[in-house]
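Asker: fold the stuff below for me.
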Amino acid sequence: MKEVFKNGRKRLIYDPCRQILLQYTPEEEVRQKIIQVLIEEMKIPRDTISTEFPLYHIDSTSKQRADIVVWHKDRDGNEHALLVLEIKAKHIELTDHTLNQVKSYNEILNAKYIGISNGKQMQLYEVINDNVVPLINELYTYTELLKGKVEYTRFRELRRLPYELTTYDLYMRFLLQEGYIGEGTPVEMHPFISELQNFILCGEFNKSGEYRTEIVKD
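Answerer: Model prediction:
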């Protein structure tokens, strides 16, 4: 944890990038922790890091602020965003909403990489043709990010299970143990819920079996 100072009843925490004392908040504590990771472990120069960066500097209509922005200069000396991070307090889970927040900032900043962290977890992504691809770890050096020397998480394509397997007793027990099927759910509903779970994961459903299944737009 970063050192916390007291001024009367106020708790303050030091931001080395802005070189000022800030009001202590759980989110600010995480932000300063991540800044130390960037500087000490990822070897990112302190003077390339901005915190609470107002996006109106780039888009005058924006009222948003990016938690952390790491910059780099091109051969002509022009500054560009390299990495944009959205920070949450450590008790807040990282979700798709968190990722969408940083993606919205990056629509203005156009960084090559974006990331999210709550101090317990950090996930980095490379932005490729408007898509985000998760990187295999989060501690690349500044030089590696600049040169694109990163590795991507490999996704295993989910395949639709046949009806015989989704209604198999052993598989149903697995769904019960994992909480996909509630303990009080009538047994006759288990095959349907098993089918629904597979549809959610894979986007397909079986037309065979004793249940007539169809998709209805709500």
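
Asker: would you mind measuring from Tyr56 to Lys73?
Answerer: Tyr56 sits 22 Å away from Lys73, taking C-beta to C-beta, to the nearest Å as the criterion. No exception for glycine: its C-beta is placed from N, CA and C like everyone else's.

Asker: again with Asp130
Answerer: Distance, Asp130 to Lys73, using C-beta to C-beta: 25 Å.

Asker: check Ile114 too.
Answerer: 20 Å.

Asker: next: Asn129.
Answerer: Using C-beta to C-beta, we find Asn129 at a distance of 24 Å from Lys73.

Asker: more crowded one of those two?
Answerer: Lys73 (11 against 5; other C-beta atoms under 10 Å).

Asker: dihedrals phi and psi, that one?
Answerer: Dihedral angles of Lys73 (phi, psi; degrees, to the nearest 10) stand at phi -110, psi 140.

Asker: quick one: find the helix or strand in the chain with the lowest mean pLDDT.
Answerer: Scoring the helices and strands of the chain by mean pLDDT, DSSP states H and E places helix 163-166 at the bottom, with a mean of 59.

Asker: and for Leu135, nearest residue in space, chain neighbours not counted?
Answerer: Take Leu135 and drop its neighbours on the chain: the residue closest to it by C-beta to C-beta, 6 or more residues apart in numbering is Leu124, 4.5 Å away.
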